[in-house]
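Novice: any chance you can model this:
(one chain, ligands or ions: 1)
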Amino acid sequence: MYKQQVTSTFFHCLRCSYEWHPKSLGKEPKVCANPKCHSPYWKEPRREVALDEHLEIRVGAREKQVFVNAAELAGISLSSWVRERLRQVAIKEREDAEQLLRDRFKVSEEDEEAGDGG
Ligand SMILES: [Zn+2]
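Specialist: Numbering: from 1, shown residues only. Model prediction:
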């Protein structure tokens, strides 16, 4: 045959649009292969959330530059970077508070499953 069609499989990140060829076809990658993205949600399209609320924070110039650099490193906008970090901290603090409440109002050790609870 003088002419042969070549097909190749590649993945496409729905978060950063990065495309890459898989090392093995057997299993799907867990994260985006783009080192700047590395999103575990690369198969899910970004949800369209109305971002029409403003949150004003005052920072020093040097502090802002640190945030800008970090956002650049992560490959996302400064706004997304700040929003994602704030969300992570909010979730973590809420989880910690809930754990604290569980520990404080623990009725008896038998009601809880075995474990040291930290
Ligand atoms: Zn990506």
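
Novice: alpha carbons only for contacts and neighbour counts from here, please
Specialist: Noted.

Novice: this structure: strands as residue ranges?
Specialist: 11-12, 19-20 (DSSP state E).

Novice: what sits up against the first one?
Specialist: So the one you mean is strand 11-12. Tyr18, Glu19, Trp20, His21, Pro22, Trp42, Lys43 (Cα atoms under 8 Å, 6 or more residues apart in numbering).

Novice: paired strands for it, with orientation please.
Specialist: The pairing partners recorded for strand 11-12 under DSSP bridges are strand 19-20 (antiparallel).

Novice: mean confidence score for the partner strand?
Specialist: Averaging pLDDT along strand 19-20 gives 94.

Novice: near the ion, which residues of this structure?
Specialist: Proximity of the chain to the ion (Cα under 5 Å from the ion) is limited to residues Cys13, Cys16, Cys32, Cys37.

Novice: got a markdown table for those residues, with neighbour count and distance to Arg85 too?
Specialist: Output for these, formatted as a markdown table (neighbours: other Cα atoms under 10 Å; distance: Cα to Cα, whole Å):
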| residue | neighbour count | distance to Arg85 |
| --- | --- | --- |
| Cys13 | 22 | 22 |
| Cys16 | 18 | 18 |
| Cys32 | 24 | 19 |
| Cys37 | 20 | 15 |
